[in-house]
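# here are the coordinates; sequence isn't available:
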């Protein structure tokens, strides 16, 4: 192995080494933040109503008909922000293109099984 020596003053190398050390430290610390999950956020009925843009009375109505995901602790109702977001996404109306694509897929699968 060849050894190469450079005649570079320490004052010029010091900032380079400091930058390398900072980069290495930030790479080591990143997985710690990537593995930590945000704690689940819970809302009161008033907060959930505001989030869904509904009245509190409508929220109570939806809870009594089991239309909306809810948790009850004692006399209090709690709503998971994550579950409410999923609830909204599940209510998405499909576009005509999505319906036609599903129909085509269904028909193509059934043609194959009917031909056998």
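Thanks, I have it. Please read these numbers as outputs of a predicted model, since none were measured by experiment. Numbers count the residues shown, from 1 in each chain.

# hey, where'd the helices end up in the protein?
Counting by DSSP state H, one finds helices in the chain at the ranges 10-35, 45-52, 56-64, 81-90, 96-115.

# Any idea which residue is closest to the centre of the protein?
residue 82 (8.3 Å; Cα atoms, centre = their mean).

# Local confidence estimate at it?
Per-residue pLDDT puts residue 82 at 92.

# Tell me where the protein is predicted with low confidence.
Within the chain, the stretches with pLDDT under 70 are 1, 4-6, 29-37, 112-116.

# ok, now with 80
Residue ranges of the chain with pLDDT under 80: 1-13, 17, 25-38, 92-94, 111-116.

# Mind giving me the packing neighbours of the longest strand belonging to it?
Criterion DSSP state E: the longest strand present in the chain is strand 76-80. Judged by 3 or more Cβ pairs under 8 Å, 6 or more residues apart in numbering; DSSP states H and E, the packing partners of strand 76-80 are strand 42-43, helix 45-52, strand 71-73. C-beta: built from backbone N, CA, C; applies to glycine.

# And the second one, what does it pack against?
This points to helix 45-52. The contact analysis (3+ Cβ pairs under 8 Å, 6+ apart) places helix 45-52 against helix 56-64, strand 76-80, helix 81-90.

# Can you tell me the strand partners of the second one and which way each runs?
Pairing partners of strand 76-80, with direction, according to DSSP bridges: strand 42-43 (antiparallel), strand 71-73 (antiparallel).

# Quick check: which of these is buried the most?
Comparing the strands paired with strand 76-80 by mean neighbour count (mean count of other Cβ atoms under 10 Å), strand 42-43 ranks first with a mean of 16.

# Check the gap between residue 41 and residue 27 for me.
30 Å (Cβ to Cβ, to the nearest Å).

# returning to that earlier point: show me the contacts for the residue nearest to the centre of the chain.
For residue 82, the contacting residues are 40, 41, by Cβ atoms under 8 Å, 6 or more residues apart in numbering.

# now it: how far from residue 88?
Applying Cβ to Cβ to residue 82 and residue 88 gives a distance of 11 Å.
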